[in-house]
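Chemist: Turn this into a model:
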Amino acid sequence: MNIAILLSGPSLADLSDAPIADVTIGVKRAALRFSCDWIVVLDSPDLRSEWFAKVDAPLLLTRGEYRPKYTTLPGVDCETLEQTYPHHPHLGGWRWGTFSSSAALVLAKHLGATSIDVYGADFGQGKTLAEYDGFESPEKRYTPERWEFELGVWNATIEALKLKVVRHGLDG
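Modeler: Down below sits the predicted model:
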């Protein structure tokens with residue numbers, strides 16, 4: 001099963017048509033770019049935001065404590081996935097659920113992905129810190145060290161789950 005994951009990096013704006021996949025997972029605001037089957041949101045401010053109410057994805061991966069406090073959207077929670085896909089020590093003590101991006105990888109594995117195509121996974125490599133549509137989060141913590149850390153968790157998650165992932169749209 002091919003799964004497409006959309007992240008909110010600037011390069012997502014270069015994707016003119018929705019990717020062709022069996023399942024599309026939108027991470028946070030990337031789920032506004034194209035229709036998605038799932039959305040991944042692990043931050044409560046995002047669940048309470050105006051943009052979240054505009055997302056049409058029918059299923060949500062979030063933290064168990066946020067249901068039904070912030071949302072009644074069905075889906076699965078990180079704690080349930082942790083039972084099958086535990087955190088690995090080589091992640092430096094950090095969990096894959098630290099970031100919505102790496103949690104999306106675990107969701108893809110849970111859904112039966114045999115290949116994963118990822119768009120907008122820039123991890124600070126773009127020309128701007130704004131997202132694909134120019135939005136800048138008021139809670140942003142976009143330092144080079146933060147991007148390096150997220151990319152490290154992302155790569156370790158791919159390795160631990162033995163996933164086949166192709167990142168599209170990066171200029172280098």
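Chemist: give me the number of residues near Val166?
Modeler: 9 (other CB atoms under 10 Å). For every residue, glycine as well, the C-beta is placed using N, CA and C.
Chemist: cool, and Leu107?
Modeler: Look at Leu107: counted by other CB under 10 Å, it has 25 neighbours.
Chemist: where exactly do the strands run in this structure?
Modeler: 2-6, 23-27, 38-40, 59-62, 75-77, 115-119, 165-168 (DSSP state E).
Chemist: got any ranges where the chain has weak pLDDT?
Modeler: 88-94, 126-128, 139-140, 170-172 (pLDDT under 70).
Chemist: what's the longest helix in it?
Modeler: Determined from DSSP state H, the single longest helix within the chain is helix 144-161.
Chemist: list the helices and strands that helix packs on?
Modeler: helix 100-110 (3 or more CB pairs under 8 Å, 6 or more residues apart in numbering; DSSP states H and E).
Chemist: one step back: in CSV: the strands of the chain, plus distance to Trp96.
Modeler: Shown next, in CSV, are those (distance: least, CB to CB, whole Å):
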stretch, distance to Trp96
strand 2-6, 14
strand 23-27, 13
strand 38-40, 11
strand 59-62, 11
strand 75-77, 13
strand 115-119, 14
strand 165-168, 14
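Chemist: Can you dump the C-alpha atoms of stretch 156-165 in PDB for me?
Modeler: The C-alpha trace of stretch 156-165 is given here as PDB (Å, rounded to 0.1, in the frame of the first residue of the first chain):
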ATOM      1  CA  ALA A 156      15.500   7.100  13.500                       C
ATOM      2  CA  THR A 157      11.800   6.400  13.200                       C
ATOM      3  CA  ILE A 158      12.200   5.300   9.500                       C
ATOM      4  CA  GLU A 159      15.200   3.100  10.500                       C
ATOM      5  CA  ALA A 160      13.500   1.500  13.500                       C
ATOM      6  CA  LEU A 161      10.300   0.700  11.600                       C
ATOM      7  CA  LYS A 162      12.200  -0.400   8.400                       C
ATOM      8  CA  LEU A 163      10.100   1.900   6.200                       C
ATOM      9  CA  LYS A 164      10.700   2.700   2.500                       C
ATOM     10  CA  VAL A 165      10.300   6.500   2.400                       C
END
